[in-house]
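[1] Following is a predicted model, sequence given first.
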Amino acid sequence: MRILAIDTATEACSVSLGIGDRQLDRYVELERGHAEHLLPMVQELLAEGGVTLKSLDAIAFGRGPGGFTGVRLAASVVQGLAFGSGIGVVPVSDLAAIAERVWTDRPALERVLIVNDARMREVYWCAFRRDAIPVSLGPELVGPESTVEMPEPGASWLAAGRGLRAWPALADRCRAAGAEILPDLLPRAAEVLTLARHEVAAGRILKPADALPVYVRDNVAEVPS
């Protein structure tokens, strides 16, 4: 199985290439300039892996929620690459990608709450349970940090994501509810690739025209924080 994965939904810009059991990764955090870095990173990994776009089984991308510009960039780049190469696409939730990153190191956890900074004094959030892949316990939501719901009492759980760093009061509320906090995690193409492998194996590959971003927020215009 050969899959290329990209993610630009946050300040992280990352690309991963899976060739069977082999995986190549590139990751950099940027305040801006994702568009200038993304395609060179893709070309570098393809060259290092010795493969072409047309030899891939699919291209996966972090479809959001995240920054409007970054999510739109990933979708448009994937559409262009997939159309030109005649291959399908796999959209992956960026919140689920962070949850997968947590469970890679903490497989015994029962629940993970992911909270990402949405700017405009809001956060994106969703809770997940563990199966073969993270399974959402509800819809991905956006709203003030006060609207974030804690998982049920008694479950072993952890809260992760940059929304916890942006809103210390929310991090304190999670700690008070018994959670460990990982406030620095961002989605990465590495976990987008992991989740995409399951989708490709199940035959859930979309046409390039269906490589659509998921904004969650109705008003997608960004303003400075």
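    Everything's here; your move.

[2] Which elements pack onto the helix or strand hosting residue 36?
    Element membership for residue 36 (DSSP states H and E) is helix 34-49. Where contact means 3 or more CB pairs under 8 Å, 6 or more residues apart in numbering; DSSP states H and E, helix 34-49 is packed against strand 2-7, strand 12-19, strand 22-29, helix 68-85. (C-beta placed from N, C-alpha, C; glycine too.)

[3] Looking at those, which one is packed in the most?
    When neighbours are counted by mean count of other CB atoms under 10 Å, the highest per-stretch mean among those falls to strand 2-7, a mean of 28.

[4] Give me the distance between that one and the centre of its chain.
    12 Å (CA atoms, centre = their mean, to the nearest Å).

[5] Stretch 54-66 now?
    Computed by CA atoms, centre = their mean, the separation of stretch 54-66 from the middle of its chain amounts to 11 Å.

[6] where's the residue of the chain most remote from its centre relative to residue 64, distance?
    Largest separation from the mean C-alpha position in the chain: residue 154, at 27.6 Å (CA atoms, centre = their mean). As for residue 154, its distance to residue 64 is 32 Å (criterion: CB to CB, to the nearest Å).

[7] again, but for residue 171
    For residue 171, the distance to residue 64 equals 23 Å [CB to CB].

[8] rewinding a little: assign the residue farthest from the centre of the chain to helix, strand or coil.
    For residue 154, the assignment made with DSSP: H, G, I helix; E, B strand; the rest coil gives coil.
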